[in-house]
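Student: Sequence first, then the predicted structure:
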Amino acid sequence: MGKFLSKRDIVKELGNNIWDDDNKTWIIAIKGDMVLGFCAFIPKKHKIEFCSDYVLPEYRNNKIYDKLFSIRLNLNKNKRCIAHASPKSLNTFIRYKFSKKYKKGKYIIVEK
């Protein structure tokens with residue numbers, strides 16, 4: 001994962017850094033010894049925060065993000081989940097029954 005954490009081109013695309021935290025759980029798509037994509041979640045006091053979503057550009061549109069998203073959601077069944085959805089990821093959140101709450105910068109805050 002090291003090459004993804006705060007890599008300049010990824011930070012530029014996402015608009016923020018990808019950090020690791022002690023309480024962050026990572027879900028990673030791997031092919032051989034190569035990381036294709038990942039997502040994470042962080043337990044907060046009364047909710048689960050979905051964060052750090054990324055798939056390498058050459059592997060997008062191959063259902064990798066959907067698979068990662070589904071695993072993350074299943075690990076947090078029956079829990080209140082929130083996220084800062086990018087315009088690119090918003091449709092996936094909507095498909096998984098998240099509701100739009102408000103806009104914050106270039107992100108849409110969603111909740112399930």
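Tutor: Perfect, thanks for sending it.
Student: where along the chain do the strands fall?
Tutor: According to DSSP state E, the chain carries its strands in the segments 25-31, 34-43, 48-55, 81-85, 99-104, 107-111.
Student: mind putting these in TSV, mean neighbour count and distance to Leu73 included?
Tutor: Backbone N, C-alpha and C define where each C-beta goes, glycine included. Shown next, in TSV, are the strands of the chain (neighbours: other C-beta atoms under 10 Å; distance: least, C-beta to C-beta, whole Å):
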stretch	mean neighbour count	distance to Leu73
strand 25-31	14	10
strand 34-43	18	9
strand 48-55	21	8
strand 81-85	20	7
strand 99-104	10	14
strand 107-111	18	12
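Student: Figure out which of the ones you listed is closest to Asn74.
Tutor: strand 25-31 (10.1 Å; C-beta to C-beta).
Student: by how many degrees do that closest one and strand 34-43 diverge?
Tutor: Orientation of strand 25-31 against strand 34-43 (axes from the mean of the first three to the mean of the last three C-alpha atoms, to 10 degrees) gives an angle of 170 degrees.
Student: List just the one of the strands of the chain that sits closest to Asp9.
Tutor: The nearest among the strands of the chain, by C-beta to C-beta, is strand 48-55 at 11.0 Å.
Student: distance from the centroid: which residue in the protein tops it?
Tutor: Gly32 (21.9 Å; C-alpha atoms, centre = their mean).
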